[in-house]
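Undergrad: can you look at this prediction? I've put the sequence above it.
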Amino acid sequence: MTSIDTLVMGAGHAGLSVSRLLTQVGHPHVVLDRGRVGERWRSERWDSLHLLTPNWMTRLPGRGYAGPDPDGFMSANDFVGLLEGYGATFDAPVVAGTTVLEVSAAGDGYRVVTDGGTWHVRQVVVATGPHGKPHVPAGLRTTPVLTANRYRNPAQLAPGGVLVVGASASGVQIADELARAGREVVLAVGRHTRMPRSYRGLDAFWWLEATGRLARTVDEVADPRRARHETSLQLVGRNDPAPGERDLDLGTLQARGVRLAGHVHEITGHVARFRDDLAATVEDADRTMHRFLDAVDRYVLRSGLTEEVWAADRPRPVEVPSTPTRLDLRAEGIGTVLVATGYVPDHPWLRLPITDPDGTIRQRRGVTPAPGIYVVGQRFQHRRDSGFVDGARRDAHDVVAHLLGGEAGALCGSARPGEEPAA
């Protein structure tokens, strides 16, 4: 058995952020990952994926974006390279190819059993991110499906059309790519968050940050559980898009030939049944979008930016077609059902009573009910931006300050989140 003070699970942006802060004060720790640095970005993302956030939002402790295209969007491969380079700047103690099998209490600390040996530690930081196992709706669980984390490109799929289930960021991006590749696509539309890529000449994330939406904490929302289950923004990150290619929503997909349907109720054999709820779903998404754009317009007036930004030009309403409630997949030539409906928590290795019935680890600002057990990188962990690359740095700072206790003075003297020097 190997002993060390602190063990960090996950070598993605959240785990490396924690490691950078621990390294800064010379705190002994190790970072374990089942694969390599940024493994999910390597093996659970499709080939053409780019980050939804602009490059200027790629901010980690001690490092900000300093490249030539701050308003561009980094590819998944480029982001992996950035993480590798970031870890190399402080010689992050990553032990790759190590799968955690058990985390349990052991004396005055915890036992972490892996496929490469056992560790005895005083503290564990779970930085595996919000992506557990793919969520497959109950009505589809007897049907062979391809989940979004296993999709790579259109050539991978069986011949024929594709039923894509889910209309948040992943669903609409995959549906768009398949339609561009000449596939017949039906998109089953569930709850989603519509958002223009830019508004009044500035990126949606610029407005989300400027208006304070990203800084809103879980203590400031009426329903924390619902907030933590917010759908991802219906956006795509494209560099130098052609005219009319910047936005991606249900209207642009329809123009590309994608057929829309409501929620999937069930698939039995080769017959898919849908709810007749598309109009209500679209109306709800548009209402939410316009509330945000109203807030942007008020911010423009309040800040005296009227002459500095473009005139307000809002996205057009989505035309809701007559949609099927029943579809014979075989008769329609649909050879693949691709599910992009998000993820559910999955911690089969956790042997501690700190999870809710849905599997979510209970925490407040990353501190769990088990002394010495922390989490970083969860959706809306404390602020709305906690689940983004940019937001994890703040949660990492809070967790490491708590973890260090008497050593925290050295950390507090460092650059605060939002003031990291470019590297």
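TA: Sure thing, it's come through.
Undergrad: do you know how far W206 is from P70?
TA: Going from W206 to P70 by CB to CB, to the nearest Å gives 11 Å. Every C-beta, even on glycine, is put in place using the N, C-alpha and C of the backbone.
Undergrad: out of the two, which sits in the busier spot?
TA: W206 (18 against 13; other CB atoms under 10 Å).
Undergrad: hang on, the more buried one in a strand?
TA: No. According to DSSP: H, G, I helix; E, B strand; the rest coil, W206 belongs to no strand; its state is helix.
Undergrad: if we ignore the residues flanking it in sequence, what's nearest it?
TA: Sequence neighbours aside, P54 is the residue nearest to W206 in space, at 7.8 Å (criterion: CB to CB, 6 or more residues apart in numbering).
Undergrad: for the one you found, what are its contacts?
TA: P70, D71, G72, F73, D203, F205, W206, G237 (CB atoms under 8 Å, 6 or more residues apart in numbering).
Undergrad: measure it to Q173 for me?
TA: Distance, P54 to Q173, using CB to CB: 16 Å.
Undergrad: same question for V399.
TA: V399 sits 31 Å away from Q173, going by CB to CB.
Undergrad: again with H29
TA: H29 is 36 Å from Q173, by CB to CB.
Undergrad: and the pLDDT at G132?
TA: Note on G132: pLDDT of 87.
Undergrad: residues contacting it?
TA: By CB under 8 Å, 6+ apart, G132 lies in contact with Y343, V344, P345, D346, H347, G359.
Undergrad: leaving out chain neighbours, which residue sits closest to it?
TA: With CB to CB, 6+ apart as the criterion, G132 has its nearest non-adjacent residue at 3.3 Å, and that residue is D346.
Undergrad: repeat that for I373.
TA: V124 (5.3 Å).
Undergrad: number of residues surrounding that neighbour?
TA: 26.
Undergrad: which element is it on?
TA: strand 117-126 (DSSP states H and E).
Undergrad: partner strands of that strand, parallel or antiparallel?
TA: The strands that strand 117-126 pairs with in its sheet are strand 2-9 (parallel), strand 109-114 (antiparallel), strand 373-375 (parallel) (by DSSP bridges).
Undergrad: which is the next helix or strand following the last one?
TA: Next in sequence after strand 373-375, counting helices and strands by DSSP H and E, comes helix 392-404.
Undergrad: which residues in the chain form helices?
TA: 13-24, 39-43, 76-89, 169-180, 204-210, 224-227, 250-255, 278-303, 392-404, 408-412 (DSSP state H).
Undergrad: most tightly surrounded among these?
TA: Among the helices of the chain, helix 13-24 has the highest mean neighbour count (mean count of other CB atoms under 10 Å), at a mean of 27.
Undergrad: by contact count, what packs against that one?
TA: Judged by 3 or more CB pairs under 8 Å, 6 or more residues apart in numbering; DSSP states H and E, helix 13-24 is in contact with strand 2-9, strand 29-32, helix 76-89, helix 392-404, helix 408-412.
Undergrad: residues contacting it, please?
TA: Against helix 13-24 from outside (CB under 8 Å, 6+ apart): 6, 8-9, 29, 31, 33, 37-38, 60-62, 83, 86-87, 90-94, 125, 127-129, 376-377, 389, 392-393, 395-397, 399-400, 410-411, 414.
Undergrad: can you show me the CA trace of it as PDB?
TA: Provided in PDB are the C-alpha atoms of helix 13-24 (Å, rounded to 0.1, in the frame of the first residue of the first chain):
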ATOM      1  CA  HIS A  13      -9.100  20.600 -16.500                       C
ATOM      2  CA  ALA A  14     -10.700  20.300 -13.000                       C
ATOM      3  CA  GLY A  15      -8.200  17.800 -11.600                       C
ATOM      4  CA  LEU A  16      -5.200  19.700 -13.100                       C
ATOM      5  CA  SER A  17      -6.500  22.900 -11.700                       C
ATOM      6  CA  VAL A  18      -6.500  21.400  -8.200                       C
ATOM      7  CA  SER A  19      -3.000  19.900  -8.800                       C
ATOM      8  CA  ARG A  20      -1.600  23.300  -9.900                       C
ATOM      9  CA  LEU A  21      -2.800  24.900  -6.700                       C
ATOM     10  CA  LEU A  22      -1.500  22.100  -4.500                       C
ATOM     11  CA  THR A  23       1.800  22.100  -6.400                       C
ATOM     12  CA  GLN A  24       2.100  25.900  -5.800                       C
END
